[in-house]
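Undergrad: structure, please.
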Amino acid sequence: MKKGFNTSKRRLYLFVVVIFCTTNIFASFKPQKITLNFDSVPLERVFKEVSKQSNLNFAYSSDLVDTKRVVSIKMRNTEVETVLKTLFENTDITYKILNDKIFLSGKEKVDFKAQQKARTIKGRVLDENGEPIVGANIWVKETTNGVITDVDGYYTISYSSQGGVLVISFLGYKQIEEPINNRTEINFKMEPSTESLDEVVVVGYGSQRKESIVGSISTVSMNDLKLPVAKLSTSLAGQLAGVVAVSRSGEPGEAGDFYIRGISSFNAASQKPLVLVDGIERSLDSVDPEDIETFSILKDATATAVYGVRGANGVMLITTRKGKEGKPLISARAEFGVVSPTQLPKMVNSVQFAEMVNEVRPNTYSPETIEKYMTATGLERNLYPNVDWLGELFSDVATNQKVSLSVSGGGTIARYFISGSFYNEGSIYKTDASNDYNTSINYKRYNFRTNVDVNVTSSTVLDVSLSNLYEVKNSPAASRDDSYTGIWTLAFKTSPNAYPAYYMNEDGSFDRLAGQLANQGWNPYNQLMHSGYSQHFYNSAQANIGVTQDLGNLITPGLKANIRFAWDAYNNTSITRTKTPQTWLATGNYNPDGSLDYYETQRGSETLAYSQGGSGSRSIYLEASVTYDRIFNEKHRIGALFLYNQREKTILWAGSSRAAMPYKTQGIAGRITYAYDDKYFVEGNFGYNGSENFSPGNRFGIFPSVALGWMVSNESFWEPIRPYVDMLKIRGSYGLVGNDQIGGNRRFIYEGTILTGVGGQNFGDQGQSGGSGVREGDIANPNVGWETAHKTNIGAEFVLFESLKIQADYFKENRTGIFVQRASLPGIAGNTSIPWSNVGEMKNQGFDSSLEYGRKVGNCYLSGRANFTYNNSLVINNDEPAYKWPYQGASGHKYGQEWGLICEGFFESEEEIRNSAIQQFGEVRPGDFKYSDINGDGIVNDEDQVPIGNPGLPQISYGFGGSLSWNSFDFSFFFQGVAKTSIFARGNALYGITSSDIKANGMFEDLYLRRWQEGRDNTDAVYPRLSDGANTNNQQKSTARMYDGSYMRLKNVEIGYTLPKEWLKKIYSRNLRIYVSAVNLLTFSKFDLWDPELGSGQGMGYPPNRIFNVGLNISF
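TA: Take a look at the predicted model:
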């Protein structure tokens, strides 16, 4: 432990040194210099060139600045400020450079006649989240009197006593006009513009203007993803069009599963999307949501083709926050939450259990015994237990906490962003205070990040990003899955009257641990609290260093080059301390002194055994690129990208020599874009990649795409429609994207293996001598190649009435070359292992859309958003054998669909059984399930299984929500749901009395309430009759065990209040917001056995959490 602590100290010291050195070394560098050579051109043309060379964007009001004014200017290697001074000499325009913008405003003119009547007005400008807007333009309408807001969003401006109207504008927000009406203070909350044509969106290996994008891309505000949970992947459900996300476990520290437009390959190794953090392949959950600046999803071939073999399943792009020019901004957030399960199954109590056992094993429990289960007191409670095992093992609530802190700022030379956060979450697992160790689950997470950008010269920018993630998870030593000895398994299958959780004294105090013999089952209480504990330590250190060189002055304007190097190291260490507790079982007799008589079932030991394990990896990434972006003759915009990259990953603690060899990839990518007059757009992309998975002759592949776009609303004929439809864009794309992750952990598939020391021959009549045999192992496939996704996308974007934005896409994908084992090859071919080949094929098509709405009404700002995703994945070919009946094969059916019998109900009489097809799953009696004879051969067997239900991964995902802000108050809500998904419920807790051991038959209460019973009205029965032992007929997978898995949740609701600035001045704060929120507050579903998000199975797992949260966000 001491060694790990010193390592952490060294990393922290390295972070501080890098920040200090880079900030001071470049503090003395000169401002940016540019070169201009224009003769009689509009001012706006000069603005564009200045922005290209300096990376500074202009912000101004068209009412103040005449951009059509013709100017001539010739300057070489001149500072930007000198250029601005020349441009606006002898005009009423003033300028100010702040962060990455040049703000233009009018000089205040002095009216000497009205000087004594002049008045002053002040106020503050905030965004929709209550954060100050820096550099907003404010002026008095129809005058040149204007100012800009300071770093805290404040402004002060003078105006004539005759009154007037204030105008406020800022890039990306709607312009506001507000009558002054003799007021001395006016505060503003600006409303985001539904569509900003100059908005920049992050795309593959770069960024593009939103107007010119022809690929299918979804984005989301990070404010919508900042839920009080441990992993960002559990916040994605319903948030973005095209993303299908589920969380199959609510255990602290567990991640969610997410896919882009569903699943297009039945190869499990190639289903997940590529996640890039600042351009580097990393885990989504390694990033603190507080550190994220932008979040984009690339869905079609045009958006993902540049990633070649890594982009077939879509790409998730994340950029982290950067420092901005200005004085230091300190932001802090603190949250505290109360966590509880959304739903735990209801199990039978001892009385219900005894009645069910007596139904199949008459007189097992007498009326007196059943009465004792309800009335027992004192020591009798040990003999007549009535244990709610879920209640004994799991508490009602747990807690979580999060604290984060960030500092950002900088000057014209260097800018920095530094952050750190801590998250802590407990679990509902109970622990025994008598232990000197903790057996409950506890998850702790520490995130650190430093991003530094330095202008090395006027045309060279160095960016350095260092980050570290450290996680610690404590848990019981016993398994927590649905394995035979797992805690959840035991909690479900142990009968409520098997034995008490522990034996008690007369007064209810602890006496001794209860338990059967080790080979007869385990007490779940002992497994959780008295079998030891386990600790896992995860550490991930990451570095990302890049240099961007503007070549505009050296070669041609608009040309830039970038070199990037990244290094990642991951380590995982585990320590497990186990023990075997001493257990006892009551005989049912009393000793002469009145105490109960016990016998020891397990001697046990309090000594904790020790074991450890670990894993790790190290990766290095190198990238070099050249980009070009330039406008010719005001109408022709040309862009280009050419990039080379390579990656090497080494597995530490590898289990074999093959696994220990570095994994290497290499490739190039390119893009060409052309736009004419911001009306017509063409884009071509390609990725050319090499992978070690394939033989030298097949190692490289090319994956191109092409896309077209038409901004219909920029046509002149659109003017009559513009008051109603502000923007309409139509786009389409087609392309190929590859995937090289086809063999899971298997490497060098193109090579075969030879096994020695197997079989062999014996010589002599008594086998006196022999020789080892040799046989073929894995069969080589020198022709193995890529999975290839053939993707088509057609989309449209609308903006209606300046407030409603709609985006809709239809997509279709044919995935070919899926790597599968040749199941069609019969065993008589003589192969000892089935060969693999690229013969699999799937088709996936669907529709996704999103809607955004925003409107300001008086002092209220209203917003809404919604998204919808539908996909249908079909298996076209998985090289399965020729079945007797066509419906038995997976080809032509939904991926992930189950095969089962069609249940017609229950047999109600022996006569009905005799007159029905013979069911070959054991003896059938009235009350058993009756299945359809699909093929009509008079027999019901496996040949009558057909595709039933929908896939476990939802085919439909959606989300919708809204927000309202009024003065200092804000309110938001968000619903999330899924549809077209089925849950297949199975397991002994639903099957009834399946075990000969009466103590191992825990059952759902729903089985007790809705089972078929002889002599009763069974109209509402859902479950078959109870059987003494396993009933194979009733345990068949069928529609009887199938449920609609659709649900809708109130995923998040939040109420906040931002304190008035007058209060904040006393504590020197810029902004302070207090809020309360709830996650998974309500769930609406037809399925009620367990939380529907857990999916198919036995319900044996940690359910999703309901969270009530209170938080504070403050900045200085």
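
Undergrad: please make it C-alpha for all contacts and neighbour counts, starting now.
TA: Will do.

Undergrad: could you pick out the longest strand of this structure?
TA: Across the chain, the longest stretch assigned as strand under DSSP state E is strand 605-632.

Undergrad: tell me what it is packed against?
TA: strand 559-580, strand 636-652 (3 or more C-alpha pairs under 8 Å, 6 or more residues apart in numbering; DSSP states H and E).

Undergrad: ok, residue 1094 - contacts?
TA: 247, 248, 249, 1101, 1103, 1104 (C-alpha atoms under 8 Å, 6 or more residues apart in numbering).

Undergrad: assign a three-state SS to the second one, would you?
TA: Spelled out, it's residue 248. Per DSSP: H, G, I helix; E, B strand; the rest coil, the local secondary structure of residue 248 is coil.

Undergrad: I figured it hits residue 256, correct?
TA: Yes: with contacts defined as C-alpha atoms under 8 Å, residue 248 counts as touching residue 256 at a distance of 6.8 Å.

Undergrad: quick check: bridge partners of residue 1023?
TA: Beta bridges link residue 1023 to residue 1011 when assigned by DSSP bridges.

Undergrad: quick one: it from residue 343, how far?
TA: Separation of residue 1023 from residue 343 (C-alpha to C-alpha, to the nearest Å): 22 Å.

Undergrad: try residue 215
TA: Distance, residue 215 to residue 343, by C-alpha to C-alpha: 41 Å.

Undergrad: same drill for those two, tell me which one is more crowded.
TA: residue 215 (26 against 17; other C-alpha atoms under 10 Å).

Undergrad: specify the local secondary structure of that one.
TA: Looking at residue 215 with three-state DSSP, the answer is coil.

Undergrad: OK, contacts around it?
TA: Counting by C-alpha under 8 Å, 6+ apart, residue 215 has contacts 298, 299, 300, 301, 302, 303, 707, 731, 732, 733.

Undergrad: need those residues in JSON lines with neighbour count, can you?
TA: Output for these, formatted as JSON lines (neighbours: other C-alpha atoms under 10 Å):
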{"residue": "298", "neighbour count": "27"}
{"residue": "299", "neighbour count": "27"}
{"residue": "300", "neighbour count": "36"}
{"residue": "301", "neighbour count": "35"}
{"residue": "302", "neighbour count": "33"}
{"residue": "303", "neighbour count": "26"}
{"residue": "707", "neighbour count": "25"}
{"residue": "731", "neighbour count": "22"}
{"residue": "732", "neighbour count": "22"}
{"residue": "733", "neighbour count": "25"}
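
Undergrad: with the residues you listed in mind, which one is nearest to residue 613?
TA: residue 298 (37.6 Å; C-alpha to C-alpha).

Undergrad: relative to residue 629, how far out is the closest one?
TA: From residue 298 over to residue 629 the distance is 21 Å, taken as C-alpha to C-alpha.

Undergrad: and what of residue 103?
TA: Applying C-alpha to C-alpha to residue 103 and residue 629 gives a distance of 24 Å.

Undergrad: residue 1054 too?
TA: Distance from residue 1054 to residue 629, by C-alpha to C-alpha: 43 Å.

Undergrad: how long is stretch 1016-1028 end to end?
TA: End to end - C-alpha to C-alpha - stretch 1016-1028 spans 20 Å.

Undergrad: and if you look at stretch 948-961?
TA: Using C-alpha to C-alpha, the two ends of stretch 948-961 sit 33 Å apart.

Undergrad: chain center to that stretch: distance?
TA: How far stretch 948-961 lies from its chain's middle: 16 Å, per C-alpha atoms, centre = their mean, to the nearest Å.

Undergrad: what about residue 599, how many neighbours?
TA: Residues near residue 599, counting by other C-alpha under 10 Å, number 10.

Undergrad: and it, what's its pLDDT?
TA: Here the pLDDT value assigned to residue 599 is 93.

Undergrad: who does the helix or strand encompassing it touch, helix- and strand-wise?
TA: Element membership of residue 599 [criterion: DSSP states H and E] is strand 596-602. Where contact means 3+ C-alpha pairs under 8 Å, 6+ apart, strand 596-602 is packed against strand 583-590.

Undergrad: residues making contact with the strand it packs on?
TA: So strand 583-590 is contacted by 382-383, 499, 512-516, 596-604 (C-alpha under 8 Å, 6+ apart).

Undergrad: swap the cut-off to 6 Å and go again
TA: Strand 583-590 has contacts (C-alpha atoms under 6 Å, 6 or more residues apart in numbering) with 513, 514, 515, 596, 597, 598, 599, 600, 601, 602.

Undergrad: spatially, which two of those residues are the most separated?
TA: Every pair of the contacts of strand 583-590 checked by C-alpha to C-alpha; the farthest is 596 and 602, at 17.9 Å.

Undergrad: residue 103 and residue 629: who's more crowded?
TA: Neighbours were counted for residue 103 and for residue 629 using other C-alpha under 10 Å; residue 103 has more, 22 against 18.

Undergrad: how close does the more buried one get to residue 138?
TA: Counting by C-alpha to C-alpha, the gap from residue 103 to residue 138 is 11 Å.

Undergrad: cool, and residue 420?
TA: From residue 420 to residue 138 the distance is 36 Å (C-alpha to C-alpha).

Undergrad: of those two, who's got more company?
TA: residue 138 (26 against 21).

Undergrad: isn't the more buried one up against residue 147?
TA: Yes: with contact defined as C-alpha atoms under 6 Å, residue 138 and residue 147 form a contacting pair (5.3 Å).

Undergrad: residue contacts, the residue nearest in space to the middle of the chain?
TA: The centroid of the chain falls nearest to residue 233 when counting by C-alpha atoms, centre = their mean (2.4 Å). Neighbour list for residue 233: 255, 256 [criterion: C-alpha under 6 Å, 6+ apart].

Undergrad: phi and psi next, for it.
TA: phi -60, psi -20 (degrees, to the nearest 10).

Undergrad: now do the same for it: its pLDDT.
TA: Note for residue 233: predicted pLDDT of 94.

Undergrad: next one: residue 139
TA: 79.

Undergrad: my guess is it meets residue 146, correct?
TA: Yes: using C-alpha under 6 Å, residue 139 is in contact with residue 146, at 3.8 Å.

Undergrad: and the gap between residue 489 and residue 478?
TA: Per C-alpha to C-alpha, residue 489 is found 11 Å from residue 478.

Undergrad: with residue 138 instead?
TA: 65 Å.

Undergrad: lowest-confidence helix or strand of the protein?
TA: helix 2-25 (a mean of 38; mean pLDDT, DSSP states H and E).

Undergrad: beyond it, next helix or strand please.
TA: Downstream of helix 2-25 (by DSSP H and E), the next one is strand 33-42.

Undergrad: in the stretch 451-600 of the chain, mark out all the helices, start to finish.
TA: Using DSSP state H, counting those that start in this stretch, the helices of the stretch 451-600 of the chain run over residues 487-493, 524-529.

Undergrad: can I get the shortest one as PDB, trimmed to CA atoms?
TA: Right, the one you point to is helix 524-529. Presented in PDB, the C-alpha positions along helix 524-529 are these (Å, rounded to 0.1, in the frame of the first residue of the first chain):
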ATOM      1  CA  PRO A 524     -27.200 -16.800   2.600                       C
ATOM      2  CA  TYR A 525     -26.700 -14.700   5.800                       C
ATOM      3  CA  ASN A 526     -23.400 -16.500   6.400                       C
ATOM      4  CA  GLN A 527     -22.300 -16.200   2.800                       C
ATOM      5  CA  LEU A 528     -22.800 -12.400   2.900                       C
ATOM      6  CA  MET A 529     -21.500 -11.500   6.300                       C
END
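
Undergrad: elements contacting it?
TA: Here helix 524-529 touches helix 487-493, going by 3 or more C-alpha pairs under 6 Å, 6 or more residues apart in numbering; DSSP states H and E.

Undergrad: quick one: the helix it packs on to chain centroid distance?
TA: Mean C-alpha position of helix 487-493 versus that of the full chain (C-alpha atoms, centre = their mean) differs by 29 Å.

Undergrad: try stretch 276-289
TA: Offset of stretch 276-289 from its chain centre (C-alpha atoms, centre = their mean): 11 Å.

Undergrad: check residue 206 and give its pLDDT.
TA: Here the pLDDT value assigned to residue 206 is 74.
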